[in-house]
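Asker: With the sequence up front, the predicted model follows.
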Amino acid sequence: MIDGPQFLRDAAGPPVSVEQLRENVIAALRTIFDPEIPVNIYDLGLIYNLDIDQDGRVGVRMTLTAPACPVAGTFPNTVESRLYEAPGVTEVRVELVWDPPWNADNLPEAVKLQLHLL
């Protein structure tokens, strides 16, 4: 048993802590924008859950703004590809869910202001 923070080894660099990996994953998610709303998918609340382990495996449970979204068939692959670019990520699994449905009422206040919803 090893005490202290767990570290991942990024093939291209020094060890990456699980905390740093989470920050890397969130930063990558913030570079992906909803095709219809000019806000990134993380701040838009489309990411319901992130499961990140010490081996660099990332599980994402996400939704889209509507089931009829024109990119529903391809968007999970876009998210997966972008996350593989994050330092320390070794494996990515993206699960697209529709329950609970996304609702603009759950947006952070800053995003509501940006979208002129307040």
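Answerer: Received, thanks.
Asker: residues near Pro87, how many?
Answerer: 19 (other Cβ atoms under 10 Å). Backbone N, C-alpha and C define where each C-beta goes, glycine included.
Asker: Dihedrals phi and psi, it?
Answerer: Backbone geometry at Pro87, expressed as degrees, to the nearest 10, gives phi -60, psi 130.
Asker: So which elements touch the longest helix seen in the chain?
Answerer: Ranked by residue count under DSSP state H, the longest helix found in the chain is helix 18-29. Packing partners of helix 18-29 (3 or more Cβ pairs under 8 Å, 6 or more residues apart in numbering; DSSP states H and E): strand 7-9, strand 47-52, helix 75-84.
Asker: Could I get the buried residue list for it?
Answerer: Neighbour counts using 16 or more other Cβ atoms under 10 Å place 18, 20-21, 24-26, 28-29 of helix 18-29 among the buried residues.
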